[in-house]
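Undergrad: got a predicted structure plus its sequence, pasted below:
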Amino acid sequence: MTQEIIGVQASNGNVFADLGLDNSDELLVKAELARKISNIITQQQMTQAEVAKLLDIAQPKVSA
């Protein structure tokens, strides 16, 4: 088996900026918000159906 060696580069704290994306600040805020919401859902042990009802959205949108 051949192992491929890949390089590693330290991030400046915003991976989206590291990738050169124009709206990197907005993307970072959205990612952080999604992570926080996910943590709350996990802590509250909510099902996708419960989250969908709370947010008044269809259940498939919760998992998207």
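TA: Structure's in. What do you need?
Undergrad: stretch 4-11: end-to-end distance?
TA: 22 Å (Cα to Cα, to the nearest Å).
Undergrad: tell me the helices and strands packed up against the helix or strand of the chain with the lowest mean pLDDT.
TA: Lowest by mean pLDDT, DSSP states H and E among the helices and strands of the chain is helix 59-63, with a mean of 89. On a contact count with 3 or more Cβ pairs under 8 Å, 6 or more residues apart in numbering; DSSP states H and E, helix 59-63 meets helix 48-55. C-beta here means a position set from N, CA and C on the backbone, and glycine is covered the same way.
Undergrad: which helices and strands does the helix it packs on pack with?
TA: Using 3+ Cβ pairs under 8 Å, 6+ apart, the elements in contact with helix 48-55 are helix 59-63.
Undergrad: where do the helices sit along the protein?
TA: Using DSSP state H, the helices of the chain run over 15-18, 24-43, 48-55, 59-63.
Undergrad: for the second one, packing partners?
TA: Using 3+ Cβ pairs under 8 Å, 6+ apart as the contact test, the elements touching helix 24-43 are helix 15-18.
Undergrad: which residues touch the helix it packs on?
TA: Applying Cβ atoms under 8 Å, 6 or more residues apart in numbering, the contact partners of helix 15-18 are Gln9, Ser11, Asn12, Asn23, Ser24, Asp25, Leu27, Leu28, Ala31.
Undergrad: looking at the helices of the chain, which is buried most?
TA: Highest mean neighbour count among the helices of the chain (mean count of other Cβ atoms under 10 Å): helix 15-18, with a mean of 15.
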